[in-house]
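1. No sequence on hand, only this structure:
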């Protein structure tokens with residue numbers, strides 16, 4: 001830091017120089033991200049509430065009311081009228097809160113000190129972080145075609161099981177586990193069930209509205225105790241905007257610690273200081289787009305996904321699995337996946353590589369247009385034709 005302050009003009013000149021090195025969602029060439037450019041109203045509202053702190057809600061009563069409204073709106077998408085929870089930074093923090101709630105509840109009411117969580121291989125890596133932080137043992141669920149093998153799930157339950165995790169929109173393939181059947185198993189064995197719908201939570205309900213056939217995945221199932229949903233993905237809220245919902249207040253209560261010098265004397269969240277900007281932006285964008293608007297966006301995403309799928313198959317690329325949501329993973333029989341990713345990056349496409357299985361992974365977000373998809377397919381054809 002220099003002794004003398006810089007002018008705003010100097011600072012922005014420096015920042016602009018670095019910002020030019022970033023990719024921009026609007027270019028349509030970011031194909032491996034579950035995030036996208038937020039709706040403009042979310043950006044404006046985020047700035048308006050940037051100095052609010054939900055970690056000390058008594059000082060920001062209005063912003064706390066807005067968060068409560070946002071939680072209720074999200075709950076309305078997943079069949080719960082009065083959910084408990086918070087707007088947080090994202091799926092990682094939400095999943096960590098859920099696992100902490102499950103662990104603490106099992107400690108208090110079941111006397112389980114060496115907790116285990118049953119986790120599918122398809123789960124997000126945030127659960128590995130949660131297990132490490134919370135001292136939980138991971139028991140890997142058996143898989144069947146990249147989903148939890150429900151027929152073998154019950155055999156994984158032990159006296160130390162504190163939670164089962166199921167996924168509604170897997171990170172790598174966008175698949176939805178048979179949560180209706182998993183809920184029955186969790187309920188029958190009195191096991192906490194958490195649903196990671198970080199991606200699927202803001203598209204599955206709207207596709208169901210439009211007639212798509214999905215099994216029940218939400219709080220309409222009695223076994224579901226908590227759910228992660230990320231507004232900053234398909235919800236088009238600002239980054240960072242995640243959400244954790246609980247069926248019962250008791251799950252927040254078992255995480256509560258004393259906060260004697262704050263306006264609210266207990267706190268259940270992972271972080272202390274918590275910006276109200278994300279909650280306000282989420283509330284604003286949901287009211288602004290509405291259920292009809294989200295349904296339209298969901299259908300557009302699936303239309304583009306199908307266009308991509310058909311183009312890939314026509315050129316001899318192989319689809320890992322039929323896409324259930326707007327995510328496609330594919331390979332080519334004659335091109336190494338890493339090399340294919342390199343060739344695409346040479347053409348300024350940013351794709352990601354899934355690990356289970358290894359494949360090129362594309363998330364068809366709003367910023368990816370049909371023109372982008374046609375250009376992408378053209379480049380893939382050039383690559384395949386010039387092996």
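-> Great, that's in hand. Computed from a prediction, not measured in an experiment: that's the story for all the values here.
2. OK, contacts around residue 324?
-> 174-176, 214 (CB atoms under 8 Å, 6 or more residues apart in numbering). Where you see a C-beta, it was placed from the backbone N, CA and C, and this is true even at glycine.
3. Highest neighbour count among these?
-> Neighbour counts for those, by other CB atoms under 10 Å, peak at residue 174, which reaches 25 neighbours.
4. Tell me which residues are up against stretch 274-289.
-> Taking CB under 8 Å, 6+ apart as the rule, stretch 274-289 contacts 38-39, 41-43, 45-50, 52-55, 60, 63-64, 66-67, 69-70, 73-74, 86-89, 231-232, 235-238, 240-243, 297.
5. Point to the helix or strand of this structure where mean pLDDT is at its lowest.
-> The least trusted helix or strand in the chain, going by mean pLDDT, DSSP states H and E, turns out to be strand 266-267, with a mean of 91.
6. Can you tell me the strand partners of that strand and which way each runs?
-> Note on strand 266-267: by DSSP bridges, its sheet partners are strand 257-258 (antiparallel).
7. what about the partner strand, average pLDDT?
-> Averaged over strand 257-258, pLDDT sits at 94.
8. Kindly report the same for stretch 172-186.
-> 98.
9. Report the buried residues of it.
-> Residues of stretch 172-186 classed as buried: 172-186 (neighbour count, 16 or more other CB atoms under 10 Å).
10. Can you give me the neighbour number for residue 23?
-> 11.
11. so it sits in a strand?
-> No - the assignment for residue 23 (DSSP: H, G, I helix; E, B strand; the rest coil) gives coil, which keeps it out of a strand.
12. can you tell me which helix in the chain is longest?
-> helix 277-314 (DSSP state H).
13. about what we covered before: which residues sit against the least confident helix or strand of the chain?
-> With CB under 8 Å, 6+ apart, strand 266-267 has contacts from 55, 256-259.
14. do stretch 147-161 as well
-> Under CB under 8 Å, 6+ apart, the answer for stretch 147-161 is 112, 114-118, 120, 122, 137, 139, 141-144, 164, 166-167, 175-178, 181-182, 185, 189, 191.
15. Report the buried residues of stretch 76-88.
-> So stretch 76-88, judged by 16+ other CB under 10 Å, has buried residues 77-80, 83-88.
16. before we move on, the earlier item: which of the contacts of strand 266-267 lies closest to residue 6?
-> In terms of CB to CB, no member of those lies closer to residue 6 than residue 55, at 31.0 Å.
17. burial of residue 90, as a residue count?
-> Count around residue 90 with other CB under 10 Å applied: 21.
18. That one and residue 238 touch, don't they?
-> No - applying CB atoms under 8 Å, one finds residue 90 not in contact with residue 238, separated by 11.5 Å.
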